[in-house]
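**Student:** Next one to model:
(chains A, B, C and D)
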There are 4 protein chains.
Amino acid sequence: MICTKEMDMAKGTDYYGRFMDYMKMYHENDLDGCCAQTDGKGDRLKRPSQQADPDQYVHIVEERDDGIIVSGFKMSITQAAYADEIFVLPTRALMEDDRDYAVAFAVPGDWEGMTLITRPVWLREKDEPDCAPFCKYGVSDSVIVFDNCFIPKERVFMCGEWEFGRRLALLFADSHRHSYSGCKPGVSDILCGVTALAAEANGIQKVSHVREKLSEYAGAAELAFAAGVAAAVFGEKTSSGVFFPNTIYSNVGRRLTGELIYHEYNTLTEIAGGIGVTLPFSEDFEYAPLKEQLERFIVRNPNFTPEESLKVWKLVENVGASPMTAWYEIAGVHGGGSPIMETIALGIEYDYDTRKNLARYLGGIDKEFDDSPDIEREPTFGDGLMTERQDFKE
Amino acid sequence: MICTKEMDMAKGTDYYGRFMDYMKMYHENDLDGCCAQTDGKGDRLKRPSQQADPDQYVHIVEERDDGIIVSGFKMSITQAAYADEIFVLPTRALMEDDRDYAVAFAVPGDWEGMTLITRPVWLREKDEPDCAPFCKYGVSDSVIVFDNCFIPKERVFMCGEWEFGRRLALLFADSHRHSYSGCKPGVSDILCGVTALAAEANGIQKVSHVREKLSEYAGAAELAFAAGVAAAVFGEKTSSGVFFPNTIYSNVGRRLTGELIYHEYNTLTEIAGGIGVTLPFSEDFEYAPLKEQLERFIVRNPNFTPEESLKVWKLVENVGASPMTAWYEIAGVHGGGSPIMETIALGIEYDYDTRKNLARYLGGIDKEFDDSPDIEREPTFGDGLMTERQDFKE
Amino acid sequence: MICTKEMDMAKGTDYYGRFMDYMKMYHENDLDGCCAQTDGKGDRLKRPSQQADPDQYVHIVEERDDGIIVSGFKMSITQAAYADEIFVLPTRALMEDDRDYAVAFAVPGDWEGMTLITRPVWLREKDEPDCAPFCKYGVSDSVIVFDNCFIPKERVFMCGEWEFGRRLALLFADSHRHSYSGCKPGVSDILCGVTALAAEANGIQKVSHVREKLSEYAGAAELAFAAGVAAAVFGEKTSSGVFFPNTIYSNVGRRLTGELIYHEYNTLTEIAGGIGVTLPFSEDFEYAPLKEQLERFIVRNPNFTPEESLKVWKLVENVGASPMTAWYEIAGVHGGGSPIMETIALGIEYDYDTRKNLARYLGGIDKEFDDSPDIEREPTFGDGLMTERQDFKE
Amino acid sequence: MICTKEMDMAKGTDYYGRFMDYMKMYHENDLDGCCAQTDGKGDRLKRPSQQADPDQYVHIVEERDDGIIVSGFKMSITQAAYADEIFVLPTRALMEDDRDYAVAFAVPGDWEGMTLITRPVWLREKDEPDCAPFCKYGVSDSVIVFDNCFIPKERVFMCGEWEFGRRLALLFADSHRHSYSGCKPGVSDILCGVTALAAEANGIQKVSHVREKLSEYAGAAELAFAAGVAAAVFGEKTSSGVFFPNTIYSNVGRRLTGELIYHEYNTLTEIAGGIGVTLPFSEDFEYAPLKEQLERFIVRNPNFTPEESLKVWKLVENVGASPMTAWYEIAGVHGGGSPIMETIALGIEYDYDTRKNLARYLGGIDKEFDDSPDIEREPTFGDGLMTERQDFKE
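**Tutor:** Numbers count the residues shown, from 1 in each chain, chains lettered A, B, ... in the order given. Presented below is the predicted three-dimensional model:
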């Protein structure tokens, strides 16, 4: 919505009204959507038009009166397999010869010419009878292949406006980073709760170093959440009427969570102990000749029954040593942009010049403090790091 | 104001009105105050009444109709030497036999019976002619000795209400921690600006690892500021009518800054190089036989004149290798409560129980998620760490 | 061998000769052994004799002329399922009333009265035809239940000498920590190689931040290895004739690896990207209608064929997002003693007193520097942290 | 000695014998020398011959039969002011047009044409009567200006052999990095001792988090020392007959100390508290009207007399908040090469290829593990980071 308005204003296109019509339909039908941004990308040091294989980025193959034909690969698209609608966006800044890669559209989840190759995280039957709630929730990621896929005109929201590639890519990335301030503390809450429960089941919840480590979850979760609050408080109204969160706060918050996620799992491991990877299988606990002994074995804190104790350690295993673990860790680093991407964004957007002027004043180089230097920030990512960006996107 | 109201409500005292009268006088005269909280504390593993020397904490020696007589030591009191008024508060939780240590009052800065032993940070004449602004600003800390000092009744705001010792101590500590979210980013801004300027003077401002390191200042400053914003957004109105910031956000923000301050100086050093401690003295640059050579020597980036180059490196020295450096570093760790104090505060106040209940639900131990457990948080600091707290305050 | 000699010298027992006879048989038959140290441990704040369930620690049930009867649980015993011989040792310091828990012996891997409940890491058929070497190597851990198990006298090497419980526990722990200086750098080498290969397959191997991150593996691996070298160089001959590595170096080396393991996986994730958890399954790459497209999709660096590219990303998945990942991470933290255990060991064994005397001399408190203070180190672990130790061993 | 031999072998020069004659004189006279490596360097992104001002690096102005004439700046040269002999070396890799900058020689400390501009760390009279030993030891750094300075032929050990610039620069740098494994643990020992003493004077030496923090000094000091031991064990004999330490271990050890130095000071501050920057001046403790009160004030642990207590806190101030503090911190980062320099060195010298081959084998790409790939390491620093190197040397 923001970018369609800006394109219309700059180029005289009519995307905004088209998008509003689409959005009305979307709301009226109460649809669920997902965003397909990350392309296959091929050689990460080359732009889309420089790739040996043109399909490494989704691109326009043909423009027709009634719509466009597109081809190319998107990857690491969480949620695509069960979304009503899929939004397709550019993943990076574009140059003039990347024009065909400046394309944005929305398609229903089962559209002809589009194939999803989907990988679920959990490899098990749905709704096992006594499956704990943690295991009932899952997620999947898809590679999406567009193979000469037709997109009707009313569903096309960018078509060749390469100057807006970076803008649209960042509108999604920055709002995604902002959303991490809300969703990632939920992951920390789970880890904090499981770790605190494991400490209790181990009977060590009052030990000093355990309490100190637990408090690190509070730091991770609440600083990230606070960054989200500040991004909202200092958000600004765009020309489309949509408010957008402040990008500095969005980026520092997202970066923090990306830097800490492995450490948070480390903390769970430190306090729960090794049992997450050495716990006998559930079947062994049901095996009659061993049952009595294993039920005694599993209790560490007498306030927990054998059944509860086993559930605690199964939860520790499921949270800290299951396929979901690696997914949370890797998505925790890369989803919405990995820490190096936020570092690059801050390198461009953070106002170093005013701070440098402050130093010039404090050092006696300038007589006055120039607190609003007339510097135009670089319009594109400033260095080669751009090329490694967003290997994982949600 | 908050605590006087609460004491009046609980104990039928009349401190609130007394304090409001005082505050009215304070506002009408546009006074500047400072808070003297940290006591000498003596043996850090003992409470005030257990000390061999009763003066290790400020205490009531005698109660009279017209006021009280107090004795004892306060220490590390920044700003006392140039404050109009000094507010004296307890520094920790108290037990019943600490009753005489439950005392709060305000005195003018030059009151009889009170001696300040003051240590300024900079040891130099005021207003050297060509002193850079950074060196013109300073600070000082005082030990304050109360020696049978009389405090008139209208200036006494707590007198024996030991049950409120912890409350009053934390009201100051937590609001001080909140204030760090505003003031400490200013220190980061200075360090960021000086480091960016040094990078420019070294001609290395575009090198990747330099840019990455600079972005860490953005993280430190803006996450701390965001914590302050969130603490304000989620603040609550107290019975006195005063709003108070959320303590979880205040504590996670303050802890972050306390953990990062040395690292921020490390970053300055990494990028500026060793010149901060090996730069020849100013007099050498004025010495005629060396002047021409040293002026050539000092220029690294041709966009800076010799005079500007020298000012940059003097600023690096003044910020990173002067008496002010250690003050900022040590105050950055301990002012308002060192990181271990915030860790203790989070250990008491953070809602681990709801998170543990979340884990119990996700692990299948509880059928429902109890998201508001009926747990009363421990009313006092839970362990011996309390005793090391607040060696440095303000 | 070391401890049997020391017990004989102190108590007039004859364990040393008995153990040498056993060891001769062990060498002559070229056997492979594993050590079962970690007990079930139950309530971690109580010693063995204080447990509600006596089987939480392996203990002597009966002493007979021809041997002993033992019962109890050992857990997290790597390698037990395929060892010729299993060595059983105490896991902690003992007091006089823990006498029955002071027991050490060796049994063949298939001994009557001993049950192994084993959990392998990989859940797949052995020797899949095109399984990459990484997946061919595996590991398993066992809970071991001793249920009135008879141990012949010639295989019993400690029987009631509780004063040597801590000594024997630490002899194993410290030599295990030393061994980490050799084996853990091998894990770092794998991670380093996979990360470097992923960087190459991504075409980003020359980017600055990638190279900086790769160098962290060098730091982790070589500092740990160096600690092992120094531990050997400064090892000492024991009364048994066996040399033993220096424990300070063994502990600082092991702690470093335990603190860094999650970070090393984080680095792999940062550089490889999200593909480790979003890569389509192998079967999809074999599915004819998708084969051509997925083979184009998977190539990022043209120096890699589609087949090689796929193998790189499967390796990234197997190393960074498979059941083996959590095992390496969790064993990397806890095997041989988690970081908190090394911290406790250093708290007891590191010579703080000489360093404190150095400070007393430098501060002018003592006239001379007393560089060999007559301090006896605490004979047992100094605080409650002991109770959380060694949840995961081997 | 190493490089003179190598130059002679490659170029037919006769430096080796000349240097051995010099070294014989040096030993016979039991001289003390210092190394002047770091040049002024000017624009850090340009090589010596590209500088606007040729004196930014020491260079040959004229070659004569009896010797050479040199000019240029060296900086941050510790110890120069009290060395008998000063060794001058190149500070970086050189290209052919840098030929005049390929120069090495030795001169007496008071040589004509050479001026030292010296900055001592402590600004006080020598041998104050009751100065604590810590304050009696000091250090100074010099800028050295060579102004058409004549160097006799017998003292010239490199003259135009630009191909050996990098070799000679690294021979000094790497041996200096190795020496850090010996000297830097001494700094950690002082910090550890002062922190332990401050903990004792604060009466908190048994508190868990204090003991955990103290153990970090053990990690820093002993891992660095171990790296030095391993570098020696794996050192190699050069063609000159001189043994040289292994550079990988030298670099990982030096980097660790450079990364930790600020953290070590942080630890002292955390445990000592704020008193290091708020302690009243010594004169105040001598002032009769305050003497009795301040002597009571200063005692925290009754096992320390007032005089001893004051000495502890003065030591904390001298170690943690004095001019010496910044010197140790900044030299701790940059002396011998800052962490980024070791990172660059590891990027070039560490054997990533063998590890990558290991990954190729484990992933099934190669059938065999090629454990000695025929890769020639890059002969010069591989990227622009070189240009920021060695701002601080010695």
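**Student:** Get me the contact residues on the stretch 101-250 of chain A for chain C.
**Tutor:** Within the stretch 101-250 of chain A, the positions near chain C by C-beta under 8 Å from any C-beta of the partner chain are A:115, A:117-119, A:121, A:141, A:143, A:145, A:147, A:202-204, A:207, A:209-210. Just so you know, the C-beta spots here come from the backbone N, C-alpha and C atoms, and that holds for glycine as well.
**Student:** Now with 7 Å, please.
**Tutor:** Taking C-beta under 7 Å from any C-beta of the partner chain as the contact definition, the stretch 101-250 of chain A meets chain C at A:Ile117, A:Arg119, A:Asp141, A:Val143, A:Val145, A:Asn202, A:Gly203, A:Ile204, A:Val207, A:His209.
**Student:** and the last one, what helix or strand is that in?
**Tutor:** What it means is A:His209. Element membership for A:His209 (DSSP states H and E) is helix A:208-233.
**Student:** now the helix or strand just after that helix: how far from the chain's centre is it?
**Tutor:** Later in the chain than helix A:208-233, the nearest helix or strand by DSSP H and E is strand A:236-237. Relative to the chain's own centre, strand A:236-237 is displaced by 23 Å; criterion: C-alpha atoms, centre = their mean, to the nearest Å.
**Student:** Would you mind identifying the next helix or strand past the lowest-mean-pLDDT helix or strand in chain A?
**Tutor:** Every helix and strand of chain A was ranked by mean pLDDT, DSSP states H and E. The lowest is helix A:133-136, at a mean of 89. With elements assigned by DSSP H and E, the helix or strand that comes after helix A:133-136 is strand A:140-152.
**Student:** Strands of chain A, residue ranges please.
**Tutor:** A:33-36, A:59-64, A:67-78, A:85-88, A:103-108, A:114-120, A:140-152, A:156-159, A:236-237, A:243-244 (DSSP state E).
**Student:** Just send the ones you listed back as TSV, with mean neighbour count and mean pLDDT too.
**Tutor:** Shown next, in TSV, are the strands of chain A (neighbours: other C-beta atoms under 10 Å in any protein chain shown; pLDDT from 0 to 100):
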stretch	mean neighbour count	mean pLDDT
strand A:33-36	20	96
strand A:59-64	16	98
strand A:67-78	24	97
strand A:85-88	22	98
strand A:103-108	23	98
strand A:114-120	19	96
strand A:140-152	21	97
strand A:156-159	22	98
strand A:236-237	9	96
strand A:243-244	14	96
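**Student:** Check what pLDDT the spatially most central residue of chain A gets.
**Tutor:** When C-alpha atoms, centre = their mean is applied to chain A, the residue found nearest the centroid is A:Gly335 (2.8 Å). Residue-level confidence at A:Gly335 comes out at 91, pLDDT.
**Student:** now it: how far from chain B?
**Tutor:** A:Gly335 is 19 Å from chain B, where distance means C-beta to the nearest C-beta, to the nearest Å.
**Student:** Would you mind getting the angle between the helix holding A:His209 and helix D:208-233?
**Tutor:** Between helix A:208-233 and helix D:208-233, the angle comes out at 100 degrees (axes from the mean of the first three to the mean of the last three C-alpha atoms, to 10 degrees).
**Student:** And helix A:208-233, what does it pack against?
**Tutor:** helix A:165-202, helix A:247-272, helix B:208-233, helix B:247-272, helix B:339-349, helix D:208-233 (3 or more C-beta pairs under 7 Å, 6 or more residues apart in numbering or on different chains; DSSP states H and E).
**Student:** What residues of it count as buried?
**Tutor:** By 16 or more other C-beta atoms under 10 Å in any protein chain shown, the buried positions in helix A:208-233 come out as A:208-232.
**Student:** Contacts only, for A:Leu346.
**Tutor:** A:Asn251, B:Ser215, B:Ala218 (C-beta atoms under 7 Å, 6 or more residues apart in numbering or on different chains).
**Student:** Mind doing that once more with 10 Å?
**Tutor:** Residues near A:Leu346 by C-beta atoms under 10 Å, 6 or more residues apart in numbering or on different chains: A:247-248, A:251-252, A:255, A:352, B:211-212, B:214-219, B:222.
**Student:** what's the closest of those to B:Phe172?
**Tutor:** Using C-beta to C-beta, B:Glu222 comes nearest to B:Phe172 of these, at 25.9 Å.
**Student:** which ones are touching the closest one?
**Tutor:** By C-beta under 10 Å, 6+ apart, the contact list for B:Glu222 reads A:227, A:230-231, A:246, A:248-249, A:251-253, A:346, A:350, B:185, B:188, B:229.
**Student:** Redo those as CSV? Include pLDDT.
**Tutor:** Formatted as CSV, those follow (pLDDT from 0 to 100):
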residue, pLDDT
A:Ala227, 98
A:Ala230, 98
A:Ala231, 98
A:Asn246, 97
A:Ile248, 97
A:Tyr249, 98
A:Asn251, 98
A:Val252, 98
A:Gly253, 98
A:Leu346, 95
A:Tyr350, 96
B:Pro185, 96
B:Ser188, 97
B:Val229, 98
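**Student:** Can you tell me which of these is nearest chain D?
**Tutor:** The closest of the contacts of B:Glu222 to chain D turns out to be B:Ser188 (C-beta to the nearest C-beta; 15.4 Å).
**Student:** Please compute how far stretch A:148-156 lies from its chain's middle.
**Tutor:** Between the centre of stretch A:148-156 and the centre of its chain there are 26 Å (C-alpha atoms, centre = their mean).
**Student:** what's the first-to-last distance across it?
**Tutor:** The straight-line separation of the ends of stretch A:148-156 (C-alpha to C-alpha, to the nearest Å) is 15 Å.
**Student:** Show residues contacting that stretch.
**Tutor:** For stretch A:148-156, contacts defined as C-beta under 10 Å, 6+ apart pick out A:15, A:18-19, A:21-22, A:25, A:58, A:60-72, A:85, A:87-88, A:103-108, A:111-115, A:157, A:159.
**Student:** In the stretch 51-200 of chain A, what residue comes closest to chain D?
**Tutor:** In the stretch 51-200 of chain A, the residue that lies nearest chain D is A:Ala199 (15.3 Å; C-beta to the nearest C-beta).
**Student:** Which residues lie in contact with that residue in this structure?
**Tutor:** So A:Ala199 contacts A:205-207, A:210-211, A:213-214, A:268, A:271-272, A:301, B:352, B:356, C:388 (C-beta under 10 Å, 6+ apart).
**Student:** Now the buried members of these.
**Tutor:** Neighbour counting over the contacts of A:Ala199 (16+ other C-beta under 10 Å) leaves A:205, A:207, A:210-211, A:213-214, A:268, A:271-272, A:301, B:352, B:356, C:388 as the buried ones.
**Student:** what's the lowest-pLDDT member of those residues?
**Tutor:** On pLDDT alone, C:Glu388 ranks lowest of the buried ones among the contacts of A:Ala199, at 34.
**Student:** Could you measure from A:Val316 over to A:Phe134?
**Tutor:** 11 Å (C-beta to C-beta, to the nearest Å).
**Student:** tell me, what's touching those two both at once?
**Tutor:** Both A:Val316 and A:Phe134 are contacted by A:Val194, A:Ser322, B:Ala359, B:Gly363, under the criterion C-beta under 10 Å, 6+ apart.
**Student:** For PyMOL, what selects the buried ones among those residues?
**Tutor:** Entered in PyMOL, the line below selects the buried ones among these, by 16+ other C-beta under 10 Å:
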select buried, (chain A and resi 194+322) or (chain B and resi 359+363)
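**Student:** hmm, which two among the shared contacts of A:Val316 and A:Phe134 are most spread apart?
**Tutor:** Taking C-beta to C-beta, the two most distant members of the shared contacts of A:Val316 and A:Phe134 are A:Ser322 and B:Ala359; they sit 14.9 Å apart.
**Student:** Distance of A:Gly364 relative to chain B?
**Tutor:** For A:Gly364, the distance to chain B (C-beta to the nearest C-beta) stands at 4 Å.
**Student:** Check A:Glu368 too.
**Tutor:** 10 Å.
**Student:** How about that residue, nearest residue that isn't a chain neighbour?
**Tutor:** Closest residue to A:Glu368 apart from its sequence neighbours, by C-beta to C-beta, 6 or more residues apart in numbering or on different chains: A:Tyr361 at 6.7 Å.
**Student:** list the contacts for the one you found?
**Tutor:** By C-beta under 10 Å, 6+ apart, the residues touching A:Tyr361 are A:Lys367, A:Glu368, A:Phe369, A:Asp370, A:Asp371, B:Ala132, B:Pro133, B:Phe134, B:Gly193.
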